[in-house]
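> Following is a predicted model, sequence given first.
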Amino acid sequence: DAGVIQSPRHEVTEMGQEVTLRCKPISGHDYLFWYRQTMMRGLELLIYFNNNVPIDDSGMPEDRFSAKMPNASFSTLKIQPSEPRDSAVYFCASRRAVSTEQYFGPGTRLTVT
Amino acid sequence: AQSVTQLDSHVSVSEGTPVLLRCNYSSSYSPSLFWYVQHPNKGPQLLLKYTSAATLVKGINGFEAEFKKSETSFHLTKPSAHMSDAAEYFCVVTPSFYNQGGKLIFGQGTELSVKP
């Protein structure tokens, strides 16, 4: 099992540009979560999906952020337009419906200049 | 609302000495509690979990944690630290599993340093 796969691992972009982060969950997992990690705010849940349907997006900071899950094996987190304060490490995680354990990907380090 | 408070932002121990990382939780019902470990440039990994079974929970790499309801604590311990234990440790609580999708609420983390 390859685990949760995220791409790219690093992204450097200029303010105002669109950024798309990608995640492939573990096969067979029913839930997918997007987190953001910063020194100031720690690990924050942004949004999560159950069977490809967004369930709770209350953690999404503002309308510049959007997430989609078109099928069970792929999800994207998009920031448009990006701002320097969006600089963080973004993690994707997945889990089975019958388990409490979430499996995290290696993260995408985003730097917005 | 559920929350966790990690009482130390940084703990430093010598190799071979005991480790104690402290966590207090707040919950209106019996919670599910976890410890996750995060090594540099990696995602968090589950260390152990408590889900209302035995109050003493054993995890990977010799770590264990004890759920104490009277003290609302879930401290993480290890008898003898190893250099490879150096990492960030997160105490985590989950809201009502069946109503919240099992989403995790992370504490602020404790950085563990291990000196030779």
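Done, it's in. Residues are numbered from 1 along each chain as shown, chains lettered A, B, ... in the order given.

> So, low pLDDT: which residues of chain A?
Applying pLDDT under 70 to chain A flags the ranges A:1.

> how about the residue in it that chain B sits nearest to, what does it touch?
Here the residue of chain A nearest chain B is residue A:104; by Cβ to the nearest Cβ that distance is 3.1 Å. Backbone N, C-alpha and C define where each C-beta goes, glycine included. Counting by Cβ atoms under 8 Å, 6 or more residues apart in numbering or on different chains, residue A:104 touches A:4, A:35, A:91-93, B:43-45.

> give me the residue from chain B nearest chain A.
residue B:43 (3.1 Å).

> Quick check: bridge partners of the residue of chain A closest to chain B?
Following DSSP bridges, residue A:104 is listed with bridge partners residue A:93.

> Pull up the gap between it and residue B:68, please.
28 Å (Cβ to Cβ, to the nearest Å).

> Next, count neighbours for residue A:92.
28 (other Cβ atoms under 10 Å in any protein chain shown).

> can you give me the helices in chain B?
B:97-100 (DSSP state H).

> Can you name the residues of it that neighbour chain A?
Neighbours of chain A within chain B, by Cβ under 8 Å from any Cβ of the partner chain: B:32, B:34, B:41-46, B:49, B:51, B:90, B:94, B:97, B:100-109.

> Buried only: go through these for me.
By neighbour count, with 16 or more other Cβ atoms under 10 Å in any protein chain shown, the residues of chain B next to chain A hold B:32, B:34, B:43-44, B:46, B:49, B:90, B:94, B:101-107, B:109 as buried.

> Can you pull up the most central residue in chain B?
For chain B, residue B:35 is the residue whose C-alpha lies nearest the centre (Cα atoms, centre = their mean; 3.0 Å).
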